[in-house]
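Q: this one's sequence-less:
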């Protein structure tokens, strides 16, 4: 028996333990238990977990905090770039956290992202933007399929062809302001802001039957666009620290608006959508009587969704998801494409020549489906920076896209092939994703790209103003690609195109 010497006699170890203050004893026991649990979990993840056979940093295999560090430290969103560095060290398959591996293999991409194979989304994505009931955030494959089927009819090519003339009227509004306020005045305008107003007016008008007339705002000031940017930046925090979501939901809206004014427009949009949804569910439909077309909510209500899928909360989540997807991504793609066209004089000249030949009268722009047939314009649209999730690794694989950081529309001309010399290069284009989770609004985004670029570059001469690669280069991943903080955006001066 263990014993301790004490004045006056001998006491047993058990008696000695009773002499230790209870709080210290409990704290010590808790620390030992935590250490034992942590050691056991780490040992299991390193040697017995199903993913233990895949290479990668040991710390990444042990704890989610490895990923969280790169997602949250400094200005955040750097894990995507770090994964690329890990592939350079460990090869095409890397274990990036305790429960995930990342595969950088262009030909394996189509096997994983296929419409034939059901895959559930990682549960951690459910609350990334605090819209867990939206189609975008739905993790279960079968529920996602059900919800997506209700929205698909709104975004068909046929529907977008019908909306083409309306899209053109919005771009024409930009042209009116450019002629009146900027042409020949050496006054710079931010294309980021212009495209932010355009994409916001586009998606709110088409999907929800209401326009905020942001294209008429002085200095192209769009609070809704800025609010969606703030929401995007909150994504990594909500993903890595999921307890933030219920905590934020407990905070009254007035307090959130006061603490973070950037979120105010998003919260106001949610309130407006809730009112519109109430009207639709009650049969009053007051919110869209003035709309020239049905809204996405009309398609949802006509679908085969059960009543449990038609609640105010779920439809409000869907509305925020749709506007977020239709605003920030297309805005970024337009901005990046415009910069690279202007920063490369040979590209600009070749594009301008093609547009001049195809569009003899600048005020009569063809339908976007006709614009798609212009080879060099199509190449410029293809070459712009990708907008969907995790396409960074595919589109910067030097075997597939040599010199991938250089803007080269020519790579898409003359029926180009992939690295094996047989497969079409277009098979490796994943700008809108692949498989069952492919971007829902892909056709709308494509239509916006063709109409906007063709119209603006046919009607105006732009010159970059105090703008460089830093203003468009991917710096960190906030679900959508973002440039380095502090950028003033892609700014240009405007002149009218000389008569041809």
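A: Nice, I can see it. Just so it is clear, the structure is predicted and the values come from calculations on it, not from any experiment.

Q: what's the pLDDT at residue 16?
A: For residue 16, the model assigns a pLDDT of 64.

Q: Outline the domain layout of this protein.
A: The record's domain parsing of the chain by the TED database lists 27-104, 141-496.

Q: can I get those in TSV with mean pLDDT, distance to residue 120 and mean neighbour count?
A: For the C-beta atoms, the positions are set from N, CA and C on the backbone; glycine is no exception. As requested, the domains of the chain are exported to TSV (pLDDT from 0 to 100; distance: least, C-beta to C-beta, whole Å; neighbours: other C-beta atoms under 10 Å):
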stretch	mean pLDDT	distance to residue 120	mean neighbour count
domain 27-104	95	13	15
domain 141-496	91	5	18
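
Q: Any chance of those in TSV with distance to residue 132 as columns?
A: Converted to TSV, these look like this (distance: least, C-beta to C-beta, whole Å):
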stretch	distance to residue 132
domain 27-104	19
domain 141-496	7
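
Q: My read is that residue 212 contacts residue 203, right?
A: No. Under the criterion of C-beta atoms under 8 Å, residue 212 makes no contact with residue 203, lying 10.5 Å away.

Q: What segments of the stretch 251-400 of the chain are helices?
A: Using DSSP state H, counting those that start in this stretch, the helices of the stretch 251-400 of the chain run over 253-259, 264-282, 296-302, 312-343, 345-358, 368-371, 375-383, 392-395.

Q: okay, the ones you listed in a markdown table with distance to residue 151 next?
A: Shown next, in a markdown table, are those (distance: least, C-beta to C-beta, whole Å):
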| stretch | distance to residue 151 |
| --- | --- |
| helix 253-259 | 27 |
| helix 264-282 | 15 |
| helix 296-302 | 6 |
| helix 312-343 | 8 |
| helix 345-358 | 34 |
| helix 368-371 | 21 |
| helix 375-383 | 24 |
| helix 392-395 | 26 |
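
Q: Would you tell me which of the ones you listed gets closest to residue 124?
A: Proximity to residue 124 (C-beta to C-beta) singles out helix 312-343 among those, at 16.9 Å.

Q: that's a strand at residue 477, yeah?
A: Yes. Using DSSP: H, G, I helix; E, B strand; the rest coil, the assignment for residue 477 is a strand.

Q: so who does the nearest residue to it once chain neighbours are set aside touch?
A: In this structure, residue 477 finds its nearest non-sequential neighbour in residue 80, 4.0 Å apart by C-beta to C-beta, 6 or more residues apart in numbering. With contacts defined as C-beta atoms under 8 Å, 6 or more residues apart in numbering, the neighbours of residue 80 are 390, 392, 393, 476, 477.

Q: which one of these is nearest residue 490?
A: Comparing those against residue 490 with C-beta to C-beta places residue 476 closest, at 17.9 Å.

Q: from memory that closest one sits against residue 75, does it?
A: Yes. Here residue 476 reaches residue 75: they are 6.4 Å apart, a contact under C-beta under 8 Å.

Q: Okay, and residue 446 sits in which element?
A: Using DSSP states H and E, residue 446 sits in helix 442-459.

Q: angle of that helix against helix 312-343?
A: 30 degrees (axes from the mean of the first three to the mean of the last three C-alpha atoms, to 10 degrees).

Q: Give me the distance between helix 442-459 and the centre of its chain.
A: Computed by C-alpha atoms, centre = their mean, to the nearest Å, the separation of helix 442-459 from the middle of its chain amounts to 20 Å.

Q: Name the next helix or strand following it along the chain.
A: Scanning forward in sequence from helix 442-459 by DSSP H and E, the next helix or strand is strand 460-464.

Q: Given that following strand, what are its sheet partners and their directions?
A: strand 491-496 (antiparallel) (DSSP bridges).

Q: so how far is the strand it pairs with from its chain's centroid?
A: 29 Å.

Q: can you check stretch 413-429 too?
A: 26 Å.

Q: now residue 343, nearest residue through space, not along the chain?
A: Distances taken as C-beta to C-beta, 6+ apart place residue 464 nearest to residue 343, at 6.4 Å, with adjacent residues excluded.
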